[in-house]
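J.: below is the sequence, then the predicted model.
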Amino acid sequence: MANDDSTLSFNEKIIEEFRANGGRAAAFGDAPLLLLTTKGAKTGKEHTSPVMYLGDEHDSTLVYVFASYAGADVNPAWYYNLLANPYDVIVEVGVETISATAEVLDEPRRSAIYAEQAKRFPGFAEYQDKTTRTIPVVELKLHD
């Protein structure tokens, strides 16, 4: 599932709408959405992707993102960017822009967090069912 013009155009429209509407985009309804800016693993260029997230109930400095890529058999590019550059992460939530550090979760924590997201948003269960890979969960530690 490569980034073709239609995907890029869709993401660009979501990013523009998110920034113009205080962190909301109609295509995502009331789902929690953030903009994730990563440094390219190969190019070093910044890339921004709209992604749904789950906030940690006990620690407001932690949010979780899911490398689901809508159930594709490959991880999204932003996942590889986070692996290569876990300290070069910018998160936009609502109207705030915050630096963050990324860490891929291990089991059993990965499964627990993913199950909670799938409970809240059943599409995530469908994404996991569509692919043979285990969809990674990435913890983003937000910095002041």
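T.: On my side now, so go ahead.

J.: contacts, neighbours, all on C-alpha from now
T.: OK.

J.: can you show me the strands along the protein?
T.: Ranges of strands in the chain, per DSSP state E, are 33-39, 46-55, 62-66, 89-93, 96-104, 137-142.

J.: so where is the chain shaky, pLDDT-wise?
T.: Along the chain, segments meeting pLDDT under 70 span 1-8.

J.: and the helices in it?
T.: Counting by DSSP state H, the chain has helices at residues 5-20, 77-84, 109-120, 123-130.

J.: measure residue 132 to residue 74 for me?
T.: 10 Å (Cα to Cα, to the nearest Å).

J.: who's more crowded, those two?
T.: In this view residue 132 and residue 74 are compared by other Cα atoms under 10 Å, and residue 74 has more residues nearby, 16 against 11.

J.: give me the residues contacting stretch 126-134.
T.: 68-74, 135 (Cα atoms under 8 Å, 6 or more residues apart in numbering).

J.: what residues sit buried inside it?
T.: 127-128 (16 or more other Cα atoms under 10 Å).

J.: same check, this time on stretch 77-86
T.: In stretch 77-86, counting by 16+ other Cα under 10 Å, buried: 77-82, 84-86.
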